[in-house]
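Participant: Pasting the sequence and the predicted coordinates here, then a few questions.
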Amino acid sequence: MKKIYHLKTCSTNAKILKQLPNLDKFELQEIKANPLTEAQLEELHKMAGSYEALFSRNASLYKERGLKDKPLTEEDYKNLILEHYTFLKRPVIVSGDHVFIGNKAKTVEDAIDYLK
């Protein structure tokens, strides 16, 4: 499977997508218009090893709800990601059995190198 979960209104996501080689070989899923299903999240969980790895602490709702002050379980992370698209760390790039999560420079660099 070659798929990218992204947010089209995010300028960082747009910048990363422009850098990726062979983008035309990927299915793009815009997560605001087409939210993740539970089955998709389960598949990403298997690849990432945890829901926490897929969870974005940069989401404004994370701060607004005071979640940083609460101990969150894996089930909490899962439910929050399913509840609102902003809780998914993005982009999530899936190529075969490899997954690249988020927009840190090293992650993006690794994704670009792998996809060449």
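Facilitator: Sure, I can see it.
Participant: Count residues in the vicinity of F55, would you?
Facilitator: Neighbours of F55 under the rule other Cβ atoms under 10 Å: 23. (Glycine included, C-beta is placed from N, CA and C.)
Participant: So it is in contact with N79, correct?
Facilitator: No. If you go by Cβ atoms under 8 Å, F55 and N79 don't touch, sitting 10.7 Å apart.
Participant: Where do the helices of this protein begin and end?
Facilitator: 11-19, 38-48, 60-64, 74-83, 105-115 (DSSP state H).
Participant: List just the one of those helices that sits closest to E27.
Facilitator: Closest to E27 of the helices of the chain, according to Cβ to Cβ: helix 38-48, at 11.4 Å.
Participant: Dump that closest one to PDB, keeping only the CA atoms.
Facilitator: Once non-C-alpha atoms are left out, helix 38-48 reads as follows in PDB (Å, rounded to 0.1, in the frame of the first residue of the first chain):
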ATOM      1  CA  GLU A  38     -11.200   2.800  12.800                       C
ATOM      2  CA  ALA A  39      -9.800   0.100  10.500                       C
ATOM      3  CA  GLN A  40      -7.300   2.500   8.900                       C
ATOM      4  CA  LEU A  41      -6.200   3.600  12.400                       C
ATOM      5  CA  GLU A  42      -5.800   0.000  13.500                       C
ATOM      6  CA  GLU A  43      -3.600  -0.700  10.400                       C
ATOM      7  CA  LEU A  44      -1.500   2.400  11.200                       C
ATOM      8  CA  HIS A  45      -1.300   1.300  14.900                       C
ATOM      9  CA  LYS A  46       0.200  -2.100  13.800                       C
ATOM     10  CA  MET A  47       2.800  -0.300  11.700                       C
ATOM     11  CA  ALA A  48       3.700   2.400  14.200                       C
END
